[in-house]
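>>> Using only what follows, build the 3D model:
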Amino acid sequence: MLLKVNVKPEDLGSEQLSWLCVQPMLISVRGKDVAAKVEVYRQLHEGQQAIFLFYSYHNHTKSLAEFYWFSAYNIIDMKSWNGIRNGMRYFNQNEMVTLLDDIERLITDKNKDGDTWREVLPTDLEKDPILLQRTEELYVKYRAAAQAAILHMNEIIRSNQEMYLEITEINA
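Alright, predicted model coming up:
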């Protein structure tokens with residue numbers, strides 16, 4: 001069964017189109033355990049999975065501290081980083097893939113000792129000026145790459161509406 005999202009015709013031009021394609025799925029699993037999230041994720045096709053994982057991360061990168069902490073969370077705890085990276089590959093967002101590699105390297109270099117991960121805290125940035133600077137540099141690049149990725153995903157969705165959308169016609 002293909003899960004598709006109902007949108008209004010005017011939503012096709014929205015900069016939020018890719019978000020609209022996964023919003024109901026992500027909201028339905030908010031606050032639920034990993035098993036519930038995986039169950040919804042597995043019902044999606046590859047393009048939807050890419051968008052789902054992207055927004056599950058991207059929506060938690062509104063500040064520098066969130067960006068740092070949620071990057072670590074997705075790499076260490078959720079183990080979803082490869083999925084996010086593969087999703088960006090699916091959409092041919094090579095700049096974003098390279099950036100995700102750089103973010104992973106930053107998190108790993110700072111927080112992994114051998115096979116052991118240390119607890120990652122948003123306050124790490126306040127205590128380590130070098131980490132703060134490196135994170136700020138990556139965050140600026142990420143914001144630009146994410147915006148480009150969103151615009152590209154929107155175009156792919158518009159070109160392949162039948163895979164992602166049901167258009168709801170409103171009769172006057």
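
>>> Which residue ranges of this protein form helices?
17-29, 34-42, 46-58, 64-72, 81-90, 94-111, 124-127, 129-159, 161-164 (DSSP state H).

>>> wait, which of the ones you listed is closest to residue 9?
Comparison of the helices of the chain against residue 9 by C-beta to C-beta identifies helix 161-164 as nearest, at 10.7 Å. (Each C-beta comes from the backbone N, C-alpha and C, glycine too.)

>>> Could you tell me which residues within that closest one count as buried?
For helix 161-164, burial by neighbour count (16 or more other C-beta atoms under 10 Å) applies to residue 164.

>>> What sits closest to the residue nearest the centre of the chain if chain neighbours are left out?
Nearest to the geometric centre of the chain sits residue 54, at 1.9 Å (C-alpha atoms, centre = their mean). Leaving aside its chain neighbours, residue 54 sits nearest to residue 87 (5.5 Å; criterion: C-beta to C-beta, 6 or more residues apart in numbering).

>>> so residue 95 sits right up against residue 146, yeah?
No - if you go by C-beta atoms under 8 Å, residue 95 and residue 146 don't touch, sitting 10.4 Å apart.
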